[in-house]
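In: Structure for this input, please:
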Amino acid sequence: MMKKKNHSKIKTKAEKDLALKKIKEQLLVATEAPLFAYRTANQYWPVIGDGSSEAKIMLIGEAPGKNEALTGRPFCGSSGKILDKLLNSIALSRAEVYITNIVKDRPPTNRDPLPEEINYYAPFLDQQIEIIQPSVIVTLGRFSMDYLLTKYKLATGTIGQLHGQVLPLEMSFGLINFVPLYHPAATIYNQALKATLIKDFAVLKTFK
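Out: Below is the predicted model:
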């Protein structure tokens, strides 16, 4: 496992928790957000993230579904049950990791996020990464994977080509590992991916 550099500006847990809270407060009133009107019309919540602000492993999905938008909690529907089983398979709990999405509001009818939505919400994700300073970033699905691959000029390829690989990623706070994985929801519609995702997820045992 790659070691993080010592970083003089690493925040305390209390400071990290406060910084994450401020992101939530900002998004709650972000009337310019592309999905704000849809959120408020349906009495949804923005879904900021869940877990430990000191997590070594940060998991990044795509966008909240209906259950997530109603509760404000990521991965609490059918995909969340699969993710919980995956975490249990490597003896980790939600409390030990940090789970979020690249898009913080639910897109209508659970459609794919649009480029302009990713462009708007991604800076909030960037802030979360800088606050938490994980040792490992795990993307769940192609949208969060493509965003990080492009932003940090990493290997190019499809999720079918890159899933389960461990790629070095240089951040402002040090060198970490980047692991792209299939989204848990993919196994609902394609049972053949279930064994693949379980096998790929086992790579994370190294980083606990």
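In: rest of the way, CA atoms for contacts and neighbours
Out: OK.
In: so the most centrally placed residue in the chain bridges to which residues?
Out: Nearest residue to the geometric centre of the chain (Cα atoms, centre = their mean): I60, 1.3 Å. Taking DSSP bridges as the rule, I60 bridges to T100, T139.
In: which residues sit in contact with D105?
Out: Going by Cα atoms under 8 Å, 6 or more residues apart in numbering, D105 touches L35, F36, R39, W45, P46, V47, A63, P64, A69.
In: if we go to 6 Å?
Out: P46 (Cα atoms under 6 Å, 6 or more residues apart in numbering).
In: try S79
Out: Contacts of S79 by Cα under 6 Å, 6+ apart are P184, A185.
In: mind checking how far it is from L28?
Out: For S79, the distance to L28 equals 24 Å [Cα to Cα, to the nearest Å].
In: surely the residue nearest to the centre of the chain meets T100?
Out: Yes - using Cα atoms under 6 Å, I60 is in contact with T100, at 5.0 Å.
In: I'd like the average pLDDT over the longest helix along the chain.
Out: If you go by DSSP state H, the chain has its longest helix at helix 115-132. Averaged across helix 115-132, the pLDDT comes to 98.
In: Quick one: distance of that helix to the chain centre.
Out: 10 Å (Cα atoms, centre = their mean, to the nearest Å).
In: Now that helix: buried residues?
Out: E117, I118, Y120, Y121, A122, F124, L125, Q128, I129, E130, I131, I132 (16 or more other Cα atoms under 10 Å).
In: again, but for stretch 59-72
Out: Under 16+ other Cα under 10 Å, the buried positions of stretch 59-72 are 59-70, 72.
In: I'd like to know which of these are part of helices.
Out: Among the buried residues of stretch 59-72, DSSP H puts K66, N67, E68, A69, L70 in helices.
In: Dump these into a markdown table; add distance to D200 and pLDDT as well.
Out: As requested, those are arranged in a markdown table below (distance: Cα to Cα, whole Å; pLDDT from 0 to 100):
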| residue | distance to D200 | pLDDT |
| --- | --- | --- |
| K66 | 27 | 95 |
| N67 | 26 | 95 |
| E68 | 25 | 97 |
| A69 | 28 | 97 |
| L70 | 30 | 97 |
